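J.: just to be clear, the model below is a prediction. Sequence and coordinates:
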Amino acid sequence: MKIKFTKMHGAGNDYIYVNTLQYPIENPEKLAICWSQWHTGIGSDGLVLIGPSNIGDFSMRIFNADGSEAMMCGNASRCIGKYLYEYGLTDKKDIALETKSGIKQLKLNVNSNNTVDEVTVDMGIPTNIHWVKLGEQSLYPQGITVSMGNPHLVIFVDNVSSVNLFQAGPFLENHPLFPDRTNVEFAQILDEGHIRMRVWERGSGITQACGTGACATAAAAIFTKQCTRNVKVKMDGGELLMNWDVHTNHMTMKGSATKVFDGEIEI
Ligand SMILES: N[C@@H](CCC[C@H](N)C(=O)O)C(=O)O
């Protein structure tokens, strides 16, 4: 059986997107592992399924490169907005997307060519924000946990370029404090409106960007009064603009969504 897919990225965080309304997928965990491989698969940070929804306009399921299913993905939610509009699944510019961490509202920025270049997502309320001690075995004594529907650990450092992500990432992802594992963000405050961040994602390793991670980083920086409520998070693959609303407590994330190519694969 042949499945059509689209490879897309948001700030360099790249996923394989399948419209399951047309191509139902029975074993996404296995396919995420197989297709994400760079040398023997399509190559990606994971697999995203676009589906129907009873409570929103459409739904999203996201699988990391190791096959684990995540509750939410910020970069994929923007790419889904672009996909839905440009592939004619909707003509709405405001889309309610069902995710495992609830409905996320997408606002599409449609340009004169009728293509979507940017999407703003209401990412909801950051929760579980508190300092944690990481113990003597960690190079980094403490960090801040933030939940954006999925778990994050944010560690502020003076120089993000000097962090050895390959070493610190897996150690902290699997730290005993986090029985469900965690995403790990290293963040350097550039000024009160700009943060430089590098990420180790749970289930995918080093990625070029993480949308929920950018939200978590902004929330941690604002929580510790290092940044204002409007802040840009610069990652290896691009930047996202965050706003943490003082009245609603919701975090919004604005950024690009890019199509790489369409393909077809046999299963
Ligand atoms: N890249 C994503 C997050 C994907 C899921 C994450 N690795 C997890 O397991 O929670 C984003 O852009 O938010």
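T.: Received, thanks.

J.: tell me which parts of the chain are close to the ligand?
T.: 13, 62, 64, 70, 73-75, 150, 183, 201-204, 207, 210-212 (C-beta under 6 Å from any ligand atom). For glycine as for every other residue, the C-beta is placed from the backbone atoms N, C-alpha and C.

J.: not counting stretch 112-126 itself, show me its contacts.
T.: If you take C-beta atoms under 8 Å, 6 or more residues apart in numbering as the criterion, stretch 112-126 is touched by 74, 77-78, 81-82, 85-86, 101-102, 104-111, 146-149, 211-212, 215-216, 219, 244, 249-257.

J.: from those, list just the buried residues.
T.: Buried members of these, scored by 16 or more other C-beta atoms under 10 Å, are 74, 77-78, 81-82, 85-86, 101, 104-106, 108-110, 146-149, 211-212, 215-216, 219, 244, 251-257.

J.: direction included, what does the helix or strand hosting Leu49 pair against?
T.: Applying DSSP states H and E as the criterion places Leu49 in strand 46-51. With DSSP bridges as the test, strand 46-51 is paired with strand 13-19 (parallel), strand 58-64 (antiparallel).

J.: in the first one, what counts as buried?
T.: By 16+ other C-beta under 10 Å, the buried positions in strand 13-19 come out as 13-19.

J.: tell me the contacts of Val260?
T.: Per C-beta under 8 Å, 6+ apart, neighbours of Val260: 6-9, 14.

J.: sorry, that was for Met1
T.: 266-267.

J.: ok, it to Ile265 distance?
T.: 10 Å (C-beta to C-beta, to the nearest Å).

J.: dig out what Leu49 forms beta bridges with.
T.: Val18, Arg61.

J.: next, count neighbours for it.
T.: 23 (other C-beta atoms under 10 Å).

J.: just to revisit the earlier point, so which of the contacts of stretch 112-126 sit within helices?
T.: Among the contacts of stretch 112-126, the ones falling in helices (DSSP state H) are 74, 77-78, 81-82, 85-86, 211-212, 215-216, 219.

J.: pull the most distant pair out of the residues you listed.
T.: Glu86 and Ala219 (31.0 Å; C-beta to C-beta).

J.: so how many other residues sit close to Asp57?
T.: For Asp57, using other C-beta under 10 Å, the count is 18.

J.: looking at it, it is touching Asp91, isn't it?
T.: No: counting by C-beta atoms under 8 Å, Asp57 does not reach Asp91; the two are 11.2 Å apart.

J.: ok, Lys234 - contacts?
T.: Applying C-beta under 8 Å, 6+ apart, the residues contacting Lys234 are 190, 194-197.

J.: again, only this time at 6 Å
T.: Lys234 is in contact with Arg196, counting by C-beta atoms under 6 Å, 6 or more residues apart in numbering.

J.: ok, now the one 3 residues further on?
T.: With contacts defined as C-beta under 6 Å, 6+ apart, Gly237 is in contact with 11-12, 208-209.

J.: next: Met253.
T.: Met253 is in contact with 74, 121, 123, 211, 215, 240, 242, counting by C-beta under 6 Å, 6+ apart.

J.: repeat that with 8 Å
T.: By C-beta under 8 Å, 6+ apart, the neighbours of Met253 are 74, 78, 120-121, 123, 211, 214-215, 240-242.

J.: rewinding a little: most neighbours, which of the contacts of Gly237?
T.: Ala209 (28 neighbours).

J.: sec struct for that residue, please.
T.: Using DSSP: H, G, I helix; E, B strand; the rest coil, the structure places Ala209 in coil.

J.: so it makes contact with Met235?
T.: Yes: counting by C-beta under 8 Å, Ala209 touches Met235, with 4.0 Å between them.
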